[in-house]
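# predicted model, plus sequence, below.
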Amino acid sequence: MEGISEEKPCEENKLYEVVFCKETDSFVTATNNIQPGNVILIDNPIVLAPLPTKNDLLCVGCCKRLDETDCYCPKCGWPKCRNECQDVSTHNENECEILRLCPKKSGDSKFRYDILIILRCLLLQTSNKNKWAVLLNLLDRFNGGDRGNADYFKKVEEKKRFLEEVYLKPLRNYEAEIGKSILPQASSDIVEKVCGFLMLYVMEHSNIKLLYAKANLIEQNCVPNAIFVVDDEDDYKMTIKAVQPILKGEHITISYTDILLGTQQRKKYLKKLRNTLCRCSRCEDSTEFNSYLSAMICFGMEDEPCKGIQLSLNPTDETPVWLCNKCNIKLPNKEVTDFIRHLNKEVDKRLETKPNFEDLKDFLEKLELFLHPTHYLIIRVKYHLIQIYEISQTSRDLLKEKMKMCESLIEVFKKIDPGSTRLGLHLLTILSELYKAKTELLFQTFLPEDKDASFSLITEILQILKEANKIAEFQSQIHPQKNLLENVKNNKDMISKWLAENSFMFEID
Ligand SMILES: [Zn+2]
Ligand SMILES: [Zn+2]
Ligand SMILES: [Zn+2]
Ligand SMILES: [Zn+2]
């Protein structure tokens, strides 16, 4: 594929290269063989802005969610921590001045954070000349609208017009009035390019939208060979680390979306975030590597439910068709996605209210009438459920049920994340719950006069610890601030002590 490499002098031992492409999207390749765990690149955001969900009010300074209703910047009226906001540089004087040109009326809760991030890009020309140069360089290479469609161009146009009408025109008058230029470079052309670029190359992290100059050019893949870690405590510094061996010349990939979602949900998210369609091997496989994360139970046409499995025939199409593997009934995509959206809301609602064990189990049974036992919504509920079993008073049946649930989750996770690297933290939680259930079962069933009977259970427990240790070792390189190895060690110490007390001879490594 033809492309232009980054012109800047090569940093020493650089493992990557940004390739700008005219025909396709830009991408990043490996310039050397890379091992799992290697840091590929570190990047700092050029710009960031709050990203509210629903009707949240987020501080324009530190992006934190505001609880009180009367926290607004006294000058421009946008939401802002009352006194002690840590981040004065984000909402700088010039930004405040411009936002003030269209003051918010009290009770008006519609803050255009999507416009704010565009404005922040433009403001770099006075606040941070280096970042402005980086942004201009990116805009120069930006092949606007290659990924574009009618919908994309309409949105870019709307944003541009809003920014110009509401802020830039009044700004021109204001600048003339005070005889000073606040935003010298804000031609229609630049504004349009910034709008277009931000619709293709941003990412989201918790409640913040961020733009990274290098990292955001890395392409999307739902089975990525690298992952990113954002350090909230260090100005959102992003580290890209390999999770698979990457050969020299191969494209580096990350996933901008949650890989625990079904294909249609990931697709929708990526379309909204970066106007992109992922065509990775998982997205193109209706069974998602036999994980059946999107599969539904077929109801058929007769009085009796058919109970076959509904899967989308062509998952990456704009409107896939869903087909039952038993009765061959076809369902339109809209019907399926509307139904899943409804169930998704129900699941969110349940989990938000911190349900008790019985209620959540009832709810799971209802979901299982409609969804495949490993549908992603079922997985979410089960993942929550395994963590709320009251282990000490649990009957053996319940312990076995919990063990089964943990094991089925592990099986699915391994299908979509074969190296247990991207879902490592989740897997550690599941393994820890499985450990708790198995040790409790061991304590309940152990008979000093028949020690042999406990042998296989002990072997299984030690196997779990071994696996958890391996995952924790890798994950601690990625998340050094978490005490992952210590948690595994505590479990190991506990079982070692018990084994010694009961005169078992086991090698524990
Ligand atoms: Zn704040
Ligand atoms: Zn302000
Ligand atoms: Zn994909
Ligand atoms: Zn059917």
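Right, received. Where do you want to start? Ligands and ions are numbered 1, 2, ... in the order given.
# can you read off the pLDDT for the residue of the chain most remote from its centre?
In terms of distance from the mean C-alpha position of the chain, Glu449 ranks first, at 51.4 Å (C-alpha atoms, centre = their mean). On the pLDDT scale, Glu449 is placed at 92.
# got it, and Asp87?
As predicted, Asp87 sits at a pLDDT of 63.
# then the one 4 residues further on?
Per-residue pLDDT puts His91 at 90.
# can you check the one 4 residues further on too?
Note on Glu95: pLDDT of 94.
# do the one 4 residues further on as well
Turning to Leu99, the model gives it a pLDDT of 93.
# swap in Cys21?
With respect to pLDDT, Cys21 scores 77.
# separation between it and ligand 3?
Noted for Cys21: a distance of 20 Å to ligand 3, by C-beta to the ion, to the nearest Å. C-beta: built from backbone N, CA, C; applies to glycine.
# with Arg341 instead?
From Arg341 to ligand 3 the distance is 20 Å (C-beta to the ion).
# what of Tyr256?
10 Å.
# so what's the closest residue to Phe299 other than its chain neighbours up against?
Take Phe299 and drop its neighbours on the chain: the residue closest to it by C-beta to C-beta, 6 or more residues apart in numbering is Pro305, 4.9 Å away. Listed by C-beta atoms under 8 Å, 6 or more residues apart in numbering, the contact partners of Pro305 are 297-299.
# could you say what helices and strands the lengthiest helix in the chain packs with?
Ranked by number of residues, the top helix in the chain under DSSP state H is helix 455-478. Helices and strands touching helix 455-478, by 3 or more C-beta pairs under 8 Å, 6 or more residues apart in numbering; DSSP states H and E, are helix 424-445, helix 484-501.
# go through the longest one and flag the buried ones.
Going back to what we said before, that points to helix 424-445. Neighbour-count burial for helix 424-445, counted by 16 or more other C-beta atoms under 10 Å, picks out 424, 426-442.
# ok, now the shortest one?
For helix 484-501, the buried set under the neighbour-count rule, 16+ other C-beta under 10 Å, comprises 484, 488, 491-492, 495, 498-499.
# could you do stretch 118-135 as well?
Residues 118-126, 128, 131-132, 135 are the ones in stretch 118-135 that count as buried (16+ other C-beta under 10 Å).
# pipe those residues into CSV and attach pLDDT, distance to Pro36 and secondary structure per row.
CSV is the format used below for the buried residues of stretch 118-135 (pLDDT from 0 to 100; distance: C-beta to C-beta, whole Å; DSSP: H, G, I helix; E, B strand; the rest coil):
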residue, pLDDT, distance to Pro36, secondary structure
Ile118, 96, 38, helix
Leu119, 96, 40, helix
Arg120, 97, 36, helix
Cys121, 97, 35, helix
Leu122, 97, 40, helix
Leu123, 96, 40, helix
Leu124, 96, 36, helix
Gln125, 96, 41, helix
Thr126, 93, 43, helix
Asn128, 94, 35, coil
Lys131, 96, 32, helix
Trp132, 96, 36, helix
Leu135, 96, 33, helix
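# any idea which of these is closest to Glu346?
Nearest to Glu346, judged by C-beta to C-beta, of the buried residues of stretch 118-135 is Ile118 at 35.7 Å.
# any idea how far Asp56 is from that closest one?
Separation of Ile118 from Asp56 (C-beta to C-beta, to the nearest Å) stands at 20 Å.
# now do Glu164
Computed as C-beta to C-beta, the Glu164 to Asp56 distance reads 27 Å.
# roughly how far is stretch 151-160 from the heart of the chain?
From the chain centre to the centre of stretch 151-160 is a distance of 25 Å (C-alpha atoms, centre = their mean, to the nearest Å).
# just use 13 as the starting number from now, easier for me
Sure, I'll start counting at 13 from here, so that last one is stretch 163-172.
# who's in contact with that stretch?
Contact partners of stretch 163-172, identified using C-beta under 8 Å, 6+ apart, comprise 126-127, 130, 157, 160, 200, 203-204, 207-208, 211, 287.
# quick one: buried residues of stretch 472-479?
Neighbour-count burial for stretch 472-479 flags 472-474, 476-477, 479 (criterion: 16+ other C-beta under 10 Å).
# would you list the residues you listed in JSON lines and tack on distance to ligand 2 and pLDDT?
Output for these, formatted as JSON lines (distance: C-beta to the ion, whole Å; pLDDT from 0 to 100):
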{"residue": "Glu472", "distance to ligand 2": "59", "pLDDT": "97"}
{"residue": "Ile473", "distance to ligand 2": "57", "pLDDT": "97"}
{"residue": "Leu474", "distance to ligand 2": "59", "pLDDT": "96"}
{"residue": "Ile476", "distance to ligand 2": "53", "pLDDT": "97"}
{"residue": "Leu477", "distance to ligand 2": "53", "pLDDT": "97"}
{"residue": "Glu479", "distance to ligand 2": "52", "pLDDT": "96"}
